[in-house]
Structures are given as structure tokens and as C-alpha cells.
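1. One predicted model, sequence on top.
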Amino acid sequence: MDMERYDVIVVGAGFGGLTSAARLAKKGYSVAVLEASSELGGCAGKFDRHGYRFGAGATVGMGFEEGGVLKRLFEELEMELPPMTSLETIMNIYTPDDTIHYYQKTDQWYQEVDRVFPTNSQQVKRFYEEVFRIGSRIDQLLLDLPVFPPNRWKDWPKLLKYVNPNSIALTPYMTQTVMDRLKSYNLHQDEAFMSFLNGQLMDSVQTTADQCPAFLGYAALQTFHKGAFSVKGGLATIAEKLAESIKANGGEVVLRRPALHITPKDGRWVVKSRRERQYEASKVVLNNSLHNFHQLFDQEVHKQSAIQKDNLTSSWGAFMLYIGVEDAFSEDVLYHQIIQDKAKPLSEGNQFLLSLSGKGDTQMAPPNKRAITISTHTEVAQWWKRDDYEDLKDKYTERILNGIEKHFPDFRSTIDVLMPGTPVTFERFVKRDKGRVGGYIPNGRFSWLHHQSVYTGLDGVYACGDTVFPGAGTLGTSLSGWMVAEEIQKG
């Protein structure tokens, strides 16, 4: 049986794994990326059906502005970013009462604040000034790529170098929730603003203001206003570019090559795949969700790790609709968030994000047509009840289509292709255990302490992706992959 040997094996070709592999290959490491599916990009990847390219997830393009994470990554890799357009309107948010235009530029956004939250507009603006100020401090801290949170005793002394006026100023925001901060501005009882803000936090941090640590929420909220972009061909083109960089620097990216089992061998690690293929390396980077972690190792090995098994409800799943339509959209706002009932939880089709391909982007859709990806948070357990599965799909599809037609009349008449996706779909095609996506759900002011750092507790085995700090989204996953690459280079 042949054994292929490398310095680093990366399991999973999501944005975290590709970022880590691209940086290490650029530095001269021999790297192999093993991807179980037939596509790059993980939950931010794509698939092609019926002449359309659909984004696997409804994801806003971020981090491409000057100084942004992905902009800096491509500069380091000496690669050009693919064509993209900066979005003046990040998204439209539709509530039963109004349509909120969420502008990228602060002055435009504040004018919209005056219009849609007139009673408390000054407090809302003061809150956002705090978000921008604290968000900037968080950015300064993350530029140093600290291993965080300190899951191991020896990580604590390393944090001493980050004790400075900037980090000390962040302390109150690491001990409070976003709701705590809102109370200081007397915004917690403003129903319209809370509905808007909770919708933004659900899509970016997976939870609402009462459960979200303030510094995580602020980091997400300020990111929207640094730059939102439509990438030609979708975010999958970024994943493809990173794979090109890995190969150009001597690395390998192999699709349909799942990691089935990982075992230690003489101070190194052996990754076993299908057809008795084996790969050996001194370092392994896991970018396949920590929900899958314990499936990869023998019990005596994973018992030595810092990764604890969690329960089925610790992460959301996603119900998706992938729709090809005739281009009947009058304005070119690409992201639309619809909240159907402000009194109900922002999940299960009551709140969803609709992502529209760019007008004229023929990589995404045939001429005069558009590709749409729609996503709503859903509890995963219900989707594994086989007898209810088809009825549940139909119920959620109708709920979402009805919600769209409240704001886009006759939408159904434009549909060319419609395909639902569920947590079962994500497990089948993206190999996420029970279809759980989007990282862990924060559940209180100190919940960030229970996040997992890039260290797994196994010597030479690292983790990145949405279940690792700093969490979900292409920015968070790329940043954790960057952190892993830095730690491996330190030796």
C-alpha cells in the first residue's frame, strides 16, 4: 500500500482550510488538501444545475476592502482578486411594517436610521458609533492573530503581550451581551429596532442580542459597513483562486477524497481515505467541522483531545431554496432579508436571507435570468424523521415563497428552477455531521470562553473553520485558517 507523505495535510477545502493551505504552500511547505465532496468552498461553495450556478449558502461577500482579511490574503499570495462590485446597499430588510435599506456608508445609513427609527434615532446612532469604535479595536487585536480563547494553560501566558490600553478597553464588551449594551442606550424596548438588529445578528453570529457576547456582535455588525461585495461567479471563484495558488506553489488539492480515519504513527499522523489510500504528515489541519471530530479518531486518541462532544442542538441547520428565475428585478440590490412576523423566532422560514446573483453575471445564470440562494435557520433534529421529511420540505418551501410574494408579487411566475435543501442535504453533499452549519450558537455573555481555539489538544493536529474561534462566515473561517498557518510556522 503506497503512502503519500507531506509536511501538512488539510482535511476539508472550505475557506479556512484553503486559506491555511495556500499560506503554507506559499511558504514552501508540502501540502495536500483532501476534500470529501466534488466542490471547493464548503458551505460557501457552489454547485451547477440546469444551467445555473448556485451558491451553497446565502453568503455576503466581505473582507475584500483595503486592509480586509481576504484582500490581505490575496496580496500575500501575490494573486489578483476576481472581478467584483462594491454594494452601496448591503441588503434590504423587509418587515411587516417597512422596508429598511441597509446602506454600507455610514452617512447614508444614519439618514435611513432617522427615517425608520425616528423615536430613538439619536440613540441608535450613538449605539452604532460605539459598534464602530469597539469593532476597530477588535480588528487591531485580531491583526496579531492571537490564539483565542485560551483553551490550554500554556496559552494564558501568551496573551500577556496583548495586555495594553486597546485590549483593556475591550474588557467590558467581553463581560456583557449586546442586550446589556442596548439597555444603556434604552434601545432594548424599541420593537422595530430590535427586530432589525436581531435579524442581522442571527445571520452573522447565529443568535439574538440577549445571548450574544457584545464583542462578537460588535465585530460582526461593524463588518457590514467596511465593505460588502458581489463577486463575479460567486464566492466559489475565491475558493477556486486559492486552490490555484496552492497548486502553483507545489501543493495538491484532491476532490472526492474524504478523510475516513486518522491515526498517530511514530510522531506523525496517517490519514486514511477510500480505496486504501493513505497520507502521512507531521501536521494535520481539520477544516471539516468539529462536529465530525470524534468520527475520525480512535477513542483512546480523541479522549486525549480538548474537543468535547456536544449535543444535537448546539448548532443550527439550514433549510435552503435554490431558485432560477427570469430577471424581473427592477433594482439591483442583491441581498434581501425578509422577516414575516416580528413576534416569532427568527428561524424556520419566519426570517430568511435571499441572495441574488449579479445582473448579467452569466457565470451564475443564463442571459436574462438570475440564480437565487435562500437560507433560513432550522433546528436539525426534525429533519431526520423520515416519515415527515417530504411534508416538511413542502411546508417550508410554501412558507418562504409566500413570504417572498408579499414583497415581490408574482414571484412564482418567474421561477424556472426550484430545488430545496435541508440539513440532510448538507450532510450528504458537504459532509457536515447531521447537517449542522454556521458554527456554535452563543448562549450568553461568557459563552465565548467555550469556543474552541485552533489547538485541538492533540500534538500536531489543528482546527479551523466555523466551529473554531472567531467563528462563522468566510471572514471568520479564513481568519482561523490564517491563525493555523501562523502557528504551524512557529513550529
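-> Cool, got the structure.

2. Which stretches in the stretch 201-350 of the chain count as helices?
-> Along the stretch 201-350 of the chain, counting by DSSP state H, counting those that start in this stretch, helices occupy 214-224, 236-248, 293-296, 299-302.

3. Next: the stretch 51-200 of the chain.
-> Counting by DSSP H, counting those that start in this stretch, the helices of the stretch 51-200 of the chain are 69-76, 106-116, 121-142, 155-158, 165-169, 178-184, 191-205.

4. right, and the ones you listed - which one's nearest residue 16?
-> Residue 16 sits nearest to helix 69-76 of all these, at 11.5 Å, using CB to CB. Bear in mind the C-beta positions are built from the backbone N, C-alpha and C, glycine included.

5. got the angle for that closest one vs helix 236-248?
-> 30 degrees (axes from the mean of the first three to the mean of the last three CA atoms, to 10 degrees).

6. list the buried ones in helix 69-76?
-> 69, 70, 73, 74 (16 or more other CB atoms under 10 Å).

7. Tabulate these (CSV), appending distance to residue 340 and pLDDT.
-> Converted to CSV, the buried residues of helix 69-76 look like this (distance: CB to CB, whole Å; pLDDT from 0 to 100):
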residue, distance to residue 340, pLDDT
69, 33, 92
70, 33, 95
73, 38, 97
74, 39, 98
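
8. Quick one: those residues as TSV, columns for distance to residue 58 too.
-> As requested, the buried residues of helix 69-76 are exported to TSV (distance: CB to CB, whole Å):
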residue	distance to residue 58
69	20
70	18
73	23
74	23
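
9. Show me the chain divided up by domain.
-> 3-44+61-82+233-310+437-490, 102-228, 313-426 (automatic domain parsing).

10. just to revisit the earlier point, out of the helices of the stretch 51-200 of the chain, which one sits most buried?
-> Highest mean neighbour count among these (mean count of other CB atoms under 10 Å): helix 191-205, with a mean of 22.

11. Quick one: list the elements packing against that helix.
-> helix 178-184, helix 214-224, strand 335-339, strand 351-356 (3 or more CB pairs under 8 Å, 6 or more residues apart in numbering; DSSP states H and E).

12. what about stretch 357-372, average pLDDT?
-> Mean pLDDT, computed over stretch 357-372, is 95.

13. Pull out the buried residues from that stretch.
-> Of the residues in stretch 357-372, those buried (16+ other CB under 10 Å) are 357, 358, 361, 363, 364, 365, 369, 370, 371, 372.

14. Tell me which two of the residues you listed sit farthest apart.
-> 363 and 372 (15.0 Å).

15. worst average pLDDT in the helices of the stretch 51-200 of the chain?
-> Taking the mean pLDDT of the helices of the stretch 51-200 of the chain, helix 155-158 comes last: a mean of 68.

16. what's the weakest-modelled helix or strand in this structure?
-> One helix or strand of the chain scores below all others by mean pLDDT, DSSP states H and E: helix 155-158, with a mean of 68.

17. one step back: same list, the helices of the stretch 51-200 of the chain, but as CSV with distance to residue 20 please.
-> Shown next, in CSV, are those (distance: least, CB to CB, whole Å):
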stretch, distance to residue 20
helix 69-76, 11
helix 106-116, 34
helix 121-142, 16
helix 155-158, 19
helix 165-169, 25
helix 178-184, 30
helix 191-205, 23
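
18. Out of the ones you listed, flag the one nearest residue 256.
-> Nearest of these (CB to CB): helix 69-76, 26.0 Å.

19. who touches residue 384 in this structure?
-> The contact partners of residue 384, by CB atoms under 8 Å, 6 or more residues apart in numbering, come to 423, 424, 434.

20. repeat that with 10 Å
-> 312, 317, 422, 423, 424, 427, 434, 435 (CB atoms under 10 Å, 6 or more residues apart in numbering).

21. Next one: it from residue 41, what distance?
-> Relative to residue 41, residue 384 is positioned 25 Å away (CB to CB, to the nearest Å).

22. Could you do residue 265 as well?
-> 31 Å.

23. pLDDT weak spots in the chain?
-> For the chain, the stretches with pLDDT under 70 are 1, 145, 151, 156-163, 309-313.

24. let's go with 80 and repeat that
-> For the chain, the stretches with pLDDT under 80 are 1-2, 142-167, 308-313, 330-331, 491.

25. what about stretch 165-183, start to end distance?
-> By CA to CA, to the nearest Å, the extent of stretch 165-183 from end to end equals 25 Å.

26. so how far is that stretch off the chain centroid?
-> For stretch 165-183, the gap between its own C-alpha mean and the chain's C-alpha mean amounts to 23 Å (CA atoms, centre = their mean, to the nearest Å).

27. same question, stretch 384-404
-> Chain-centre distance of stretch 384-404: 24 Å, with CA atoms, centre = their mean.

28. tell me the contacts of residue 248?
-> By CB under 10 Å, 6+ apart, residue 248 lies in contact with 22, 25, 26, 77, 78, 79.

29. quick one: secondary structure of the first one?
-> The three-state label given to residue 22 by DSSP: H, G, I helix; E, B strand; the rest coil is helix.

30. Among the buried residues of stretch 357-372, which are located in strands?
-> In strands, judged by DSSP state E, the following of these are found: 369, 370, 371, 372.

31. Done for today, thanks.
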